[in-house]
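>>> Structure, please.
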Amino acid sequence: MAQRVAVVGGGLSGLTFAWALQRVVPKTVAITLVEASSRTGGWLFSHRSDDGFLFEKGCRGLRGGKPVGDGAVVISTMHELGMHEDSEFGQAVGNHGLARQRFIKHGGSLHAMPVSPAGLLSWPPLPSPLRMAFSEPFRPAPVDNEDETVRDFISRRLGEEAADNLVDAMAAGVWAGRIDELSAAAVFPDLVALEAEGGSLTGGFAKRALARFGVGSSSARWQPPLTPWFQQGKEFAVAEAEASFRASPELQSSPLVGATSVSTTMGTEGFVRRLRAELERCENVTLLDNSAVVRVTPPDAKTSAARLSLAATPAAAASGNPLSDIGSEWRPDGREIEADLVVSAQPSPALASALEASGGWAGSEVVSLLRSIPRSSVGVVCTGWKTPAIREVAGRRGFGFLSPTREDASVLGTVWDSCVFPHQAVEGRYLSEDRASVMMGGRRNPDVASWSPQQLRDEAMRSLEADTGVPSSVAPDEVNTWVAAEAIPQYTVGHLDRMAALQQGLSQTAPWMRILGNSYYGVGAAACLVNARGAAKQVADQLLVDEAAAARS
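Residues are numbered from 1 along each chain as shown. Just a heads-up that it's a prediction; the model follows:
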């Protein structure tokens, strides 16, 4: 049985994997989690400002809310960690009801997204919804199964208005990406599957609906070219969480049920801090911060274990901001970890650098595939008012708005944080405090990553006045700016095929390694959590198989 498991990367994926694994394996299994920066948590990174405002440097919450699928895993995990009750790490909260209203910028103005199909009939961003709906079933499907861009897919099925006015904005909000680059199969696998199964989106929906009543067959479901190595474990994790919901009145009555986004009263930081605290209490878990894995040496004739060479992170890079790669000037400092199994939950460029440093993978297809995943940087400007500037002065209530490229070349959108999570205000300011986060840059304007703090601030103030409606005379009490550098992987056309090849390549050249995290299998925080729990189940099962095989030999 493999006794030593090294987890490289202490973001949400690495933390969740290590926590879930230690719960189901014997204490004789030693787990070491290595993080290059000075803190764990990755882009779940909250900051309480000098004036008491809670600002998020990265992800603002975990999508969930429904007691099925990923939502069931998110909510049950919060309860398993005890975060449904108040603690030093805050209390899990769902978004306020105001956040159900979202806006799209179109024609220079914000338009509330319809809450019913009837609302689409008079919604300016989609001026021809009836034509779009009635023509969709008759639009031809492609004759091959080649991947295509999101823009090509949506334009072909729903028209250019839907692609450029709606989906472009959605891609900005989730991916900070461009729809003329992103892969339809990777970003919208469910829609691609519907077309493949029914010849159109409408045909796919109809075929599945009939199959539920025993009419026709659902056996011809489209399968993506990439099946994650942990898929079986993920399906078990989801089924287990759904079963827990059915059996637990406490889960069924959780205030998190029904929320579209879940965080804590201390921000997303509260969740990852709780995960870390749980690991710190485990006698078989070791946590190493400020320790970059700069070289990965495979097992050889002398040892059956892989060796991970470490380097202390230079002070200039150890600010706590997540690191997407390791510097070429970093050198091993003499520390090494031996591991029977390595789970890399770090960004793909960092893993590529560590593999290249060993010499054996230099110029290999594995390294090339690891470096084939572009990343997007986002400028973030968080603003706070001690008076309700957004809700009263501007009269805005909702989650916020997204802007398609044709409307704004710089600003991706704005989240009205105080409407989404008012629970995060300091005591006494619950009803008066307002917060907003302006996101800009991404793949549509990568130059934003090099802007000065003043440039970021000026652009944010322009948008807050022009879009949200807060006049320049109502200046925020506090403004924080930063750049989330190379924070969001971009699943460009062909991503699933490349990741399938990467997974196959690693299974042949490094069977002792597994890859995990948002570089490969889903960029959202909820996807990272669910995948990590599935991966822990899969690894635990494999350890039991290895133990049984060792006992027989």
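>>> how's this structure carved up into domains?
In the domain annotation for the chain, the residue ranges read 1-95+229-372+492-553, 96-118+375-489, 128-212 (automatic domain parsing).
>>> could those go into JSON lines alongside distance to W222, mean pLDDT and mean neighbour count?
Where you see a C-beta, it was placed from the backbone N, CA and C, and this is true even at glycine. Output for the domains of the chain, formatted as JSON lines (distance: least, Cβ to Cβ, whole Å; pLDDT from 0 to 100; neighbours: other Cβ atoms under 10 Å):
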{"stretch": "domain 1-95+229-372+492-553", "distance to W222": "12", "mean pLDDT": "92", "mean neighbour count": "20"}
{"stretch": "domain 96-118+375-489", "distance to W222": "23", "mean pLDDT": "94", "mean neighbour count": "20"}
{"stretch": "domain 128-212", "distance to W222": "4", "mean pLDDT": "92", "mean neighbour count": "18"}
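>>> Only C-alpha atoms, please: export stretch 430-439 in PDB.
C-alpha atoms of stretch 430-439 as PDB (Å, rounded to 0.1, in the frame of the first residue of the first chain):
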ATOM      1  CA  TYR A 430     -25.400  45.600   7.800                       C
ATOM      2  CA  LEU A 431     -28.000  48.000   6.300                       C
ATOM      3  CA  SER A 432     -25.800  50.900   5.500                       C
ATOM      4  CA  GLU A 433     -22.600  49.600   4.000                       C
ATOM      5  CA  ASP A 434     -22.200  49.200   0.300                       C
ATOM      6  CA  ARG A 435     -19.400  47.300  -1.600                       C
ATOM      7  CA  ALA A 436     -18.800  46.800  -5.300                       C
ATOM      8  CA  SER A 437     -16.100  45.000  -7.200                       C
ATOM      9  CA  VAL A 438     -15.200  46.100 -10.800                       C
ATOM     10  CA  MET A 439     -13.500  43.400 -12.900                       C
END
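>>> So which of the domains of the chain is nearest Q223?
Evaluated with Cβ to Cβ, those place domain 128-212 nearest to Q223, the distance being 8.3 Å.
>>> Any idea how far apart the tips of the closest one sit?
32 Å (Cα to Cα, to the nearest Å).
>>> got it, and stretch 123-130?
For stretch 123-130, the end-to-end distance is 12 Å (Cα to Cα).
>>> again with stretch 350-363
Taking Cα to Cα, the first and last residues of stretch 350-363 lie 15 Å apart.
>>> going forward, begin numbering at 888 instead of 1
Will do, 888 is the new start, and the previous item becomes stretch 1237-1250.
>>> Distance from it to the middle of the chain?
Here stretch 1237-1250 is found 26 Å from its chain centre; the criterion is Cα atoms, centre = their mean, to the nearest Å.
>>> Could you do stretch 1013-1023 as well?
32 Å.
>>> Can I get the domains of the chain in CSV including distance to Q1110?
Listed next are the domains of the chain as CSV, based on distance: least, Cβ to Cβ, whole Å:
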stretch, distance to Q1110
domain 888-982+1116-1259+1379-1440, 11
domain 983-1005+1262-1376, 23
domain 1015-1099, 8
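>>> and the one helix or strand V1181 maps to, what other elements does it pack with?
Assigned by DSSP states H and E, V1181 belongs to strand 1178-1184. On a contact count with 3 or more Cβ pairs under 8 Å, 6 or more residues apart in numbering; DSSP states H and E, strand 1178-1184 meets strand 917-921, strand 1193-1199, helix 1235-1244.
>>> wait, which of those is closest to E1127?
strand 917-921 (21.1 Å).
>>> Need the contact partners of the very next helix or strand once past that closest one.
Counting by DSSP H and E, the next helix or strand C-terminal to strand 917-921 is strand 933-935. The contact list for strand 933-935 (Cβ atoms under 8 Å, 6 or more residues apart in numbering) reads L941, F942, E943, K944, M1153, G1154, T1155, E1156, G1157, N1367.
>>> Partner strands of strand 933-935 and their direction?
Strand 933-935 pairs in its sheet with strand 941-943 (antiparallel), by DSSP bridges.
>>> Which is the succeeding secondary structure element to the partner strand?
Past strand 941-943, the next helix or strand by DSSP H and E is strand 949-950.
>>> following that next one, which helix or strand shows up next?
Following strand 949-950 toward the C-terminus (DSSP H and E): helix 956-967.
>>> Report the distance from whichever helix or strand comes after that next one to the chain centre.
Where DSSP H and E defines the elements, the next helix or strand beyond helix 956-967 is strand 979-981. Distance, stretch centre to chain centre, for strand 979-981: 18 Å (Cα atoms, centre = their mean).
>>> How far does the helix or strand encompassing S1150 sit from its chain's centre?
For S1150, the element it lies in under DSSP H and E is strand 1148-1151. Remark: strand 1148-1151 is offset 14 Å from the chain centroid, using Cα atoms, centre = their mean.
>>> now do stretch 1264-1278
The answer for stretch 1264-1278 is 22 Å, by Cα atoms, centre = their mean.
>>> go on, stretch 1351-1366?
That offset, for stretch 1351-1366, works out to 29 Å (Cα atoms, centre = their mean).
>>> May I ask which helix or strand encompasses A1093?
helix 1088-1099.
>>> Repeat that for P1398.
Counting by DSSP H and E, P1398 is part of no helix or strand.
>>> What separation do you get for it and P1111?
P1398 sits 23 Å away from P1111, going by Cβ to Cβ, to the nearest Å.
>>> now do S933
34 Å.
>>> same check, this time on K944
K944 is 32 Å from P1111, by Cβ to Cβ.
>>> and the angle for the helix or strand just after the helix holding A1093 with helix 956-967?
Per DSSP H and E, the first helix or strand lying C-terminal to helix 1088-1099 is helix 1118-1134. With axes from the mean of the first three to the mean of the last three Cα atoms, to 10 degrees defining the directions, helix 1118-1134 sits at 70 degrees from helix 956-967.
>>> now helix 1118-1134, how far from the centre of its chain.
On Cα atoms, centre = their mean, the centre of helix 1118-1134 falls 20 Å from that of its chain.
>>> what does stretch 1121-1135 give?
The answer for stretch 1121-1135 is 21 Å, by Cα atoms, centre = their mean.
>>> Just the C-alphas of that stretch, formatted as CSV.
Taking Å, rounded to 0.1, in the frame of the first residue of the first chain, the C-alpha atoms of stretch 1121-1135 are listed here in CSV:
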residue,chain,number,x,y,z
LYS,A,1121,-16.9,12.0,-8.4
GLU,A,1122,-20.1,10.1,-9.3
PHE,A,1123,-19.8,8.4,-5.9
ALA,A,1124,-19.3,11.7,-4.1
VAL,A,1125,-22.3,13.3,-5.7
ALA,A,1126,-24.5,10.2,-5.1
GLU,A,1127,-23.4,10.1,-1.4
ALA,A,1128,-24.2,13.8,-1.0
GLU,A,1129,-27.6,13.4,-2.6
ALA,A,1130,-28.3,10.4,-0.3
SER,A,1131,-27.3,12.5,2.7
PHE,A,1132,-29.8,15.1,1.7
ARG,A,1133,-32.6,12.6,1.5
ALA,A,1134,-31.8,11.2,4.9
SER,A,1135,-31.0,14.4,6.8
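>>> From Q988, how far out is L1143?
20 Å.
>>> mind listing the helices in the stretch 938-1087 of the chain by residue range?
Along the stretch 938-1087 of the chain, counting by DSSP state H, counting those that start in this stretch, helices occupy 956-967, 1016-1022, 1037-1045, 1047-1048, 1055-1062, 1071-1074, 1076-1085.
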